[in-house]
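Asks: This is a predicted model, with the sequence first.
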Amino acid sequence: MNWSDLFAALALYLVLEGVMPFLSPQSVKRLMQALSSLQDRQLRWFGLASMSAGIALLYVVRS
């Protein structure tokens with residue numbers, strides 16, 4: 001892996017992160033309100049699940 005791959009991945013991440021606020025800003029606001037009401041432990045589990053899914057997907061794509 002080289003730096004251009006890392007920056008390409010970062011650029012793609014930013015594009016994907018911007019799709020939902022661009023298409024449906026009200027839905028994103030409701031989602032943020034719902035997330036703010038979760039307990040820290042629930043958010044940590046959600047983060048762990050998200051990271052695990054990302055690692056698994058990266059493994060599948062790169063192998």
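Replies: Done, it's in.

Asks: tell me the mean pLDDT over the helix or strand containing residue 11?
Replies: Assigned by DSSP states H and E, residue 11 belongs to helix 3-23. Averaged over helix 3-23, pLDDT sits at 93.

Asks: Now the element after it, going C-ward?
Replies: Toward the C-terminus from helix 3-23 - assigned by DSSP H and E - lies helix 25-36.

Asks: Show me what that following helix is packed against.
Replies: For helix 25-36, the packing partners by 3 or more C-beta pairs under 8 Å, 6 or more residues apart in numbering; DSSP states H and E come out as helix 3-23. To be clear about C-beta, it is placed using only N, CA and C from the backbone, and glycine gets the same treatment.

Asks: Distance from the chain centre to the helix it packs on, please.
Replies: Averaging C-alpha positions (C-alpha atoms, centre = their mean, to the nearest Å) puts helix 3-23 10 Å from its chain's average.

Asks: and the angle for that helix with helix 25-36?
Replies: With axes from the mean of the first three to the mean of the last three C-alpha atoms, to 10 degrees defining the directions, helix 3-23 sits at 110 degrees from helix 25-36.

Asks: I'd like to know which elements helix 3-23 is packed against.
Replies: Helix 3-23 is packed against helix 25-36, with contacts defined by 3+ C-beta pairs under 8 Å, 6+ apart.

Asks: Not counting its own residues, what contacts the helix it packs on?
Replies: Under the criterion C-beta atoms under 8 Å, 6 or more residues apart in numbering, residues 20, 21, 43 lie in contact with helix 25-36.

Asks: Stretch 56-63 too?
Replies: Outside stretch 56-63, not one residue touches it by C-beta under 8 Å, 6+ apart.
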